[in-house]
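Q: I'll drop the sequence and a predicted model, then ask my questions.
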Amino acid sequence: MSGLVETREEGAPARVNLPVPAPGPLRRFLRRAFGTRPSTAARRILVALATVLVLYYGVLGGLVMHRVDADVDFVPPRALPGGSHAVGMAAALVEREVTTHRWTANDPWFFPTGLLDNMPNFQLGMMRAIGRFSIELMDTIGRTRGTAEIDADLERATGFLQFPGDVWLIDLGKSWLPIVPAEVQFRAGVRALESYNARVAQGGAMFARRADALALALTRLGADLNARAALLDRHVQTSRRTIDFVSDDIFYFNKGMLYAYYMLLRELGRDFEQPIAAAGAGLVWAQALESLRKASQLQPLVVMNAPGEDSIFANHLFMQGFYMKRATVQLDEVVRTLAVRG
């Protein structure tokens, strides 16, 4: 028989040695990749797993998908003649973060962006400012007086934009069934804002370009900035670490909020250009915008919260808080000027 070898010892039965089959391609690959000894295979598996995690979270999530977009030159891609510049900007900023850059604040740990914290906090800060702005649209600018009927589109937009930004498709703390995630709610808010702005452009919705409406809205937005400044102050005074895992969260949340407020108020200045000019508040208005812009453009490599004025390290929260407080003071001066001369 071909391939078979018969051997026989004296007094022993005949024995046939069968040929050993050659290892397949997969087995040869695994032997080359992981070795033949268990200890070698274990070490190489750990190295391979670490490499995959670095590529998945570090490269894909940390480098490719990570985006803290504080571009002050951003303009809405679809201009609406006759509509509100500020409303158009609010809708465009939400659309950019949710669709173009992708919403990351509610990503679970197994997503590539699940371990990020700067970008999610930046997006949450932006939504805080936009959500607060939508309330002022509904309560002051989008109605004739405080007792007038609330605009239905603004009411829907405000409800959607107030939705918690960290809610994902599954939240066992709320329901055992899938729920509507934050980004879906925000897209619905964008549609409501666009619907309202389209009616403003056609003259079918109220957008009160009155000095008193602007003053009331600025008072409330300034109060929101003051609340965040107070939280920042408490952390600076109580924290004893130059670098920690809380300072950067506060910094990037504030950065997103300040950026959104700068973009919204810049466009609101275009909507209320005539009342601002009539009150002689143009200079202080520009100064307030500049303070917000500078606060939003701080971009340290590592956020530091150095204690004491004699430290050799920077305190980026203190710097951010300085611009934030200066902006609130300047906005308050705008409000007083509008009340006196408007």
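A: Okay, I see it.
Q: Isn't residue 259 up against residue 70?
A: Yes. Counting by C-beta atoms under 8 Å, residue 70 is a contact partner of residue 259 at 4.6 Å. For the C-beta atoms, the positions are set from N, CA and C on the backbone; glycine is no exception.
Q: and the residue sitting nearest the centre point of the chain, what element?
A: In the chain, the residue lying closest to the centroid (C-alpha atoms, centre = their mean) is residue 123, at 1.3 Å. Element membership of residue 123, judged by DSSP states H and E, is helix 118-136.
Q: continuing past that helix, what's the next helix or strand?
A: With DSSP H and E, the next secondary element past helix 118-136 is helix 152-161.
Q: got the contact list for the residue nearest to the centre of the chain?
A: 97, 103-105, 165, 256 (C-beta atoms under 8 Å, 6 or more residues apart in numbering).
Q: CA atoms of the helix holding residue 123 as CSV?
A: Provided in CSV are the C-alpha atoms of helix 118-136 (Å, rounded to 0.1, in the frame of the first residue of the first chain):
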residue,chain,number,x,y,z
ASN,A,118,-14.0,66.6,27.1
MET,A,119,-16.2,66.4,24.0
PRO,A,120,-19.2,65.1,25.9
ASN,A,121,-19.0,67.8,28.5
PHE,A,122,-18.5,70.4,25.8
GLN,A,123,-21.6,69.2,24.0
LEU,A,124,-23.6,69.2,27.2
GLY,A,125,-22.5,72.7,28.0
MET,A,126,-23.6,73.8,24.5
MET,A,127,-27.1,72.3,25.0
ARG,A,128,-27.5,74.0,28.4
ALA,A,129,-27.0,77.4,26.7
ILE,A,130,-29.2,76.5,23.7
GLY,A,131,-31.9,75.1,25.9
ARG,A,132,-31.9,78.1,28.2
PHE,A,133,-32.0,80.4,25.1
SER,A,134,-35.1,78.4,23.8
ILE,A,135,-36.8,79.2,27.2
GLU,A,136,-36.2,82.9,26.7
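Q: Next, the angle helix 152-161 makes with it.
A: 150 degrees (axes from the mean of the first three to the mean of the last three C-alpha atoms, to 10 degrees).
Q: now helix 118-136: how far from the chain's centre is it?
A: 8 Å (C-alpha atoms, centre = their mean, to the nearest Å).
Q: Report the rounded mean pLDDT for that helix.
A: Helix 118-136 shows a mean pLDDT of 96.
Q: how about stretch 65-82: buried residues?
A: The neighbour-count check on stretch 65-82 (16 or more other C-beta atoms under 10 Å) flags 65-70, 76, 80 as buried.
Q: sorry, back to before: list residues touching both of residue 259 and residue 70?
A: In contact with both residue 259 and residue 70: 122, 296, using C-beta under 8 Å, 6+ apart.
Q: do you know how far the residue nearest to the centre of the chain is from residue 97?
A: Look at residue 123 and residue 97: by C-beta to C-beta, to the nearest Å, they are 5 Å apart.
Q: now residue 229
A: On the measure of C-beta to C-beta, residue 229 and residue 97 end up 24 Å apart.
Q: what about those two, which has more around it?
A: Shown here are residue 229 and residue 97; by other C-beta atoms under 10 Å, residue 97 has more neighbours (27 against 19).
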